[in-house]
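Enquirer: 3D model of this:
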Amino acid sequence: MFSQSLIAQLARMTLLLIITLFGVHHCQPLLDSLAHQAMNGGCHQHNNIELNN
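Expert: A predicted model of the protein is given here:
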């Protein structure tokens, strides 16, 4: 494995994060899939609230 400086590693990881966030934000099927998985995994609860008037 090649030795890299901390700055180079942080720059590479930041670029990877930006590309990933941009891809998820602009790809609706991927966003829907991740949201569905989060709800099924219990990370987010989907509660139905009925209002009685």
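Enquirer: For the lowest-mean-pLDDT helix or strand in the chain, list the C-alpha coordinates in PDB.
Expert: Of all helical and strand segments in the chain, the minimum by mean pLDDT, DSSP states H and E falls on helix 28-41, at a mean of 85. The C-alpha coordinates for helix 28-41 follow below in PDB (Å, rounded to 0.1, in the frame of the first residue of the first chain):
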ATOM      1  CA  GLN A  28     -34.600   9.800  -7.500                       C
ATOM      2  CA  PRO A  29     -34.800   5.900  -7.700                       C
ATOM      3  CA  LEU A  30     -31.800   5.600  -5.500                       C
ATOM      4  CA  LEU A  31     -33.200   8.200  -3.000                       C
ATOM      5  CA  ASP A  32     -36.500   6.300  -2.900                       C
ATOM      6  CA  SER A  33     -34.700   3.000  -2.400                       C
ATOM      7  CA  LEU A  34     -32.600   4.400   0.500                       C
ATOM      8  CA  ALA A  35     -35.700   6.000   2.100                       C
ATOM      9  CA  HIS A  36     -37.600   2.700   1.800                       C
ATOM     10  CA  GLN A  37     -34.700   0.800   3.400                       C
ATOM     11  CA  ALA A  38     -34.400   3.200   6.300                       C
ATOM     12  CA  MET A  39     -38.100   2.900   7.000                       C
ATOM     13  CA  ASN A  40     -38.000  -0.900   6.900                       C
ATOM     14  CA  GLY A  41     -34.900  -1.000   9.000                       C
END
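Enquirer: Who are the packing partners of the host helix or strand of Leu16?
Expert: Secondary structure from DSSP states H and E places Leu16 in helix 6-26. Where contact means 3 or more CB pairs under 8 Å, 6 or more residues apart in numbering; DSSP states H and E, helix 6-26 is packed against helix 28-41. For glycine as for every other residue, the C-beta is placed from the backbone atoms N, C-alpha and C.
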